[in-house]
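[1] just coords:
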């Protein structure tokens, strides 16, 4: 029996574009996972994995205009943004190809036998092996970079794990095309197409996380959906790691010095960050601690002008649009909250950007204002006006974990010549996985040192979903004790025949 | 209101030795966690942490005979074993002191700003920060090395995390003495005594894992107890990582070639490994795949003689003794199971070693024989007699995750001159965290490359509880974006002022 049909919808009109596929039944899920599991040994060879990742990037590039047009039709994110996202996606795949070849992700550690120790030490040779089939849950807001061909998939394949993706319902056709491109690339490299499988459907996502042959999961989405999957992963007879990115408020603290020095510049940067991608980034700054007084007023005014002047946009789907309209209205209706530039509906399909303002002390206590400390997807932010450092701390003390935390400082504060900012940076470090000074959190650079994660609910683990170390999520260490050279993997033999970075008797050898 | 009294009991007699403390009430747990949390900033300085770990090791050494005598009175593990365990415990503390100074655990990665990239890359500087208060659950079978001053505590303190230990009820007095020694060592280094706190009581252990200020947990113990705590950790409003070592069968495969070549030697090694510490090691070999036929018979006979000749021993507590006696009897009563040398009670307080034998094919299917694939704490093992590689695979295919898997091979197989052993090693790799060739799993070497963990239920995470990388469990990455030098921690500044190993623009600098 087939599942329900899966429709592609144009968010600019609310109209159905086409029927893409059918929702996966429990049998479909089982077959997909078994097929991926059976294909796992094809991913053993690192050179083949690297070639496959590069072929996948090339296939996406070659499909460029067709792919971005399709993604735009399903998400309304626009050609410019989607072309950038496609570039980012290819860059990620190629970066993981390089990481696979370089090999330090294997974290090879060798301790040679030492009879002089008490007790004598046997020969120990450790590296990391792939966990097995990885379930990837595509994100609504990144149809490419955090979906089928995104960072979770790229890092899992790089680690040697087959992937089963659960497509996000906001872009099923894009997901389908990407899966075909990646499967073709696999076949072109002599790999079975089953190293990547695609499933549609909410129930299929739950079946997937519960499947005994699924070894780990990556997720980008809402707190509600992510927590339900996290709970299912933890409740399995054999629990599995669930690396989820769930939600983030991304607080910004603007010091009085910064407001005095750069009110208009900060307002411009903030408006751009809040409206980028129609406010649909997980790192959108959702709470801004701004000093009371003239400088803060000047900044708020400039922010309002910038937001009022921003073009209205289309959100990813109509459910999201309704949430945004209702959510901003509920927030604006709270006592002491002002909405000088109200965010909300524009016409039948669009929304306009805005901001809310509230005294910081209202956020420092239990009560209805806690709603302002919850993420609101879309082009809106909250200014919390503070009268001193104690109020800043009182608000920060109420925050959950975040992907990012930002501070805007004056030139003197940046140089260390003017007090207390180092302490504030330390405080923000306790709240987030990425801490920015005089920048904006949107635009997460793909780089070896990047960390995109943070205390719960920003992430459900200490791992990152962007950057070089994202591959660590899909591996586990194994150590060989007293294994004779002939039985060891080449990577672990004496003389380093495969030329990998290794830590031998405690010393790094590159 | 105080909790129930906590008694120290002599397992050699079953008699109560002394009242050690009272079980912690919910208020006690709350106060202990808050005090530890408040002390966390005292652990910021790495040099102080290293000095503290060394002082703790010295304090344990200085208390040596008194400490081992007390531990022996509570556990009956004997002076020799406990003196060895004390040495191991001090070695671990000192090894983590060195790791703290060497600093590669911070995994510093720096990507400098690069305007030439599309999009331009901001300056990114990543390191790892401590998670916060760590809950440690002491193990019954290692009153020192996996309890108050053990590897979980040492690695957590090394990471900069205060520790609250839940003592194991089998050795409350030893735990109390160790806690005092460590707290004195902390005070001697100018640290608050609250960097380590000790609690007693089953309910206190549950309160502890649920406390909002507890950030992570380390556990060594049973599947039942560990899973209950794992579930509680996952069910929190803010879930926390739970690194538990729960249970392991530690399969051994003896090839026909090995049995032909070294039947008596293998039997001797196996008997020693099964009876070491009265069979109370988590890495005790509990299932041995042995070929049918003359060589296997010879090995089984020699094993029986060695076990029958082993001195009876005292288990850690009377509950454990009852489980062992009942568990071995239930196993021996299964159809087709032989008990040529039955394990079981000796006198009122001791137990004797033994082994069971069963056709491997009986283990290859659903049914009552599944009991033989469950860990049985104490000096007993199961020989599964096989007729060929297919039966070996059929049994291995029914196993859960293990801490270790071992293969005994012939000289020709070890040299790679005789087939199939590399494939067997690969198969065992999928089942365990440590794979041994011609060795025995008991005696886990403390070494940088060691991995003591494995697929569930061996461990609840991909982490290790022994070896250099155990420290990774208690840290999370944070990246600073565009932070001016004056606001950065010294470890992340240009010029590497603190001389740490760092990966800069993708290249390792040592």
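    Now that the structure is in, tell me what you want to look at. If you're wondering where the values come from, they're calculated on a predicted model, not measured in any experiment.

[2] OK, contacts around residue A:6?
    For residue A:6, the contact set (CB atoms under 8 Å, 6 or more residues apart in numbering or on different chains) comprises A:19-23, A:167, A:169, A:172, A:200-201. For glycine as for every other residue, the C-beta is placed from the backbone atoms N, C-alpha and C.

[3] quick one, which of these are buried?
    Taking 16 or more other CB atoms under 10 Å in any protein chain shown as the criterion, what is buried in the contacts of residue A:6 is A:20-21, A:23, A:167, A:169, A:172, A:200-201.

[4] so which of those residues is the closest to residue B:155?
    The nearest member of those to residue B:155, counting by CB to CB, is residue A:167 at 40.6 Å.

[5] phi, psi of the nearest residue to the closest one once chain neighbours are set aside?
    With sequence-adjacent residues excluded and distances taken as CB to CB, 6 or more residues apart in numbering or on different chains, residue A:167 is closest to residue A:175, at 3.7 Å. Torsion angles at residue A:175 (phi, psi; degrees, to the nearest 10) stand at phi -60, psi -40.

[6] kindly state the pLDDT recorded for residue A:175?
    Looking at residue A:175, its pLDDT reads 98.

[7] so can I have CSV of the buried ones among the contacts of residue A:6 showing distance to residue A:116 and secondary structure?
    Putting the buried ones among the contacts of residue A:6 into CSV (distance: CB to CB, whole Å; DSSP: H, G, I helix; E, B strand; the rest coil) gives the following:
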residue, distance to residue A:116, secondary structure
A:20, 66, strand
A:21, 64, strand
A:23, 64, coil
A:167, 58, coil
A:169, 63, coil
A:172, 63, helix
A:200, 61, coil
A:201, 61, coil
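
[8] between those, which sits nearest residue B:119?
    Using CB to CB, residue A:167 comes nearest to residue B:119 of the buried ones among the contacts of residue A:6, at 27.0 Å.

[9] and that closest one, what does it touch?
    Counting by CB under 8 Å, 6+ apart, the residues that residue A:167 touches are A:6, A:138, A:147-148, A:175-176, A:198-200.

[10] could you find the closest non-adjacent residue to the residue in the stretch 51-200 of chain A positioned nearest to chain B?
    Residue nearest to chain B within the stretch 51-200 of chain A: residue A:109 (3.7 Å; CB to the nearest CB). Distances taken as CB to CB, 6+ apart place residue B:449 nearest to residue A:109, at 3.7 Å, with adjacent residues excluded.

[11] just give me the neighbour total for the one you found.
    Using other CB atoms under 10 Å in any protein chain shown, residue B:449 is surrounded by 30 other residues.

[12] show the pLDDT at it.
    95.

[13] wait, it sits on residue A:126?
    Yes. Between residue B:449 and residue A:126 there is a contact under CB atoms under 8 Å: 4.4 Å.

[14] joint contacts of the two?
    A:109-110, A:479.

[15] can I get those residues in CSV with neighbour count, secondary structure and distance to residue A:159?
    CSV is the format used below for the shared contacts of residue B:449 and residue A:126 (neighbours: other CB atoms under 10 Å in any protein chain shown; DSSP: H, G, I helix; E, B strand; the rest coil; distance: CB to CB, whole Å):
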residue, neighbour count, secondary structure, distance to residue A:159
A:109, 26, strand, 18
A:110, 24, strand, 21
A:479, 28, strand, 18
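
[16] ok, so of the residues you listed, who is nearest residue A:485?
    Of those, the one sitting nearest to residue A:485 (CB to CB) turns out to be residue A:110, at 12.1 Å.

[17] ok, what's across the strand from that closest one?
    Beta-bridge pairing for residue A:110 (DSSP bridges): residue A:125, residue A:504.

[18] nearest to chain B within the stretch 151-300 of chain A, name that residue for me.
    Closest point on the stretch 151-300 of chain A to chain B, by CB to the nearest CB, is residue A:234, at 3.6 Å.

[19] for that residue, phi and psi?
    The phi/psi pair for residue A:234 (degrees, to the nearest 10) reads phi -80, psi -30.

[20] next, count neighbours for the residue nearest to it when sequence neighbours are not counted.
    Distances taken as CB to CB, 6+ apart place residue B:234 nearest to residue A:234, at 3.6 Å, with adjacent residues excluded. Using other CB under 10 Å, residue B:234 has 20 other residues around it.

[21] and the pLDDT for residue B:234?
    At residue B:234, the pLDDT value in this model is 98.

[22] contacting residues around it?
    Going by CB under 8 Å, 6+ apart, residue B:234 touches A:230-231, A:234-235, A:239, B:242.

[23] repeat the analysis, applying 10 Å as the threshold.
    For residue B:234, the contact set (CB atoms under 10 Å, 6 or more residues apart in numbering or on different chains) comprises A:230-231, A:233-235, A:239, A:242, A:460, B:240-242, B:460.

[24] please list the residues of the stretch 1-150 of chain A that sit near chain B.
    Taking CB under 10 Å from any CB of the partner chain, the part of the stretch 1-150 of chain A that reaches chain B is made up of A:41, A:44, A:84, A:87-88, A:91, A:95, A:98-99, A:102, A:104, A:107-114, A:117-129, A:131-132.

[25] what about these, which are in strands?
    Cross-referencing the residues of the stretch 1-150 of chain A next to chain B against strands under DSSP state E gives A:108-111, A:124-129.

[26] residues touching residue A:111, list them.
    Counting by CB under 10 Å, 6+ apart, residue A:111 makes contact with A:117, A:121-126, A:479, A:503-506, B:445, B:447-450, B:467-468.

[27] quick one on the thing from earlier: correct me if wrong: the residue of the stretch 51-200 of chain A closest to chain B contacts residue A:124.
    Yes. Residue A:109 sits in contact with residue A:124 when judged by CB atoms under 10 Å, with a separation of 7.8 Å.

[28] what do the two both touch?
    Common contact partners of residue A:109 and residue A:124 (CB under 10 Å, 6+ apart): A:479, A:492, B:447-451, B:467.

[29] can you redo the residues you listed as TSV with secondary structure?
    As requested, the shared contacts of residue A:109 and residue A:124 are exported to TSV (DSSP: H, G, I helix; E, B strand; the rest coil):
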residue	secondary structure
A:479	strand
A:492	helix
B:447	coil
B:448	coil
B:449	coil
B:450	coil
B:451	coil
B:467	coil
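
[30] with distance to residue B:215 added, can I get the residues you listed in TSV?
    Output for those, formatted as TSV (distance: CB to CB, whole Å):
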residue	distance to residue B:215
A:479	27
A:492	34
B:447	27
B:448	25
B:449	27
B:450	25
B:451	23
B:467	22
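
[31] can you select the buried ones among these for me in ChimeraX?
    Of the shared contacts of residue A:109 and residue A:124, the buried ones go into a single ChimeraX selection, burial set by 16+ other CB under 10 Å:
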select /A:479,492 /B:447,448,449,450,451,467
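
[32] give me the mean pLDDT for the helix or strand hosting residue A:361.
    Applying DSSP states H and E as the criterion places residue A:361 in helix A:360-363. In this model, helix A:360-363 has a mean pLDDT of 97.

[33] just stretch A:317-336 next, same as before
    97.
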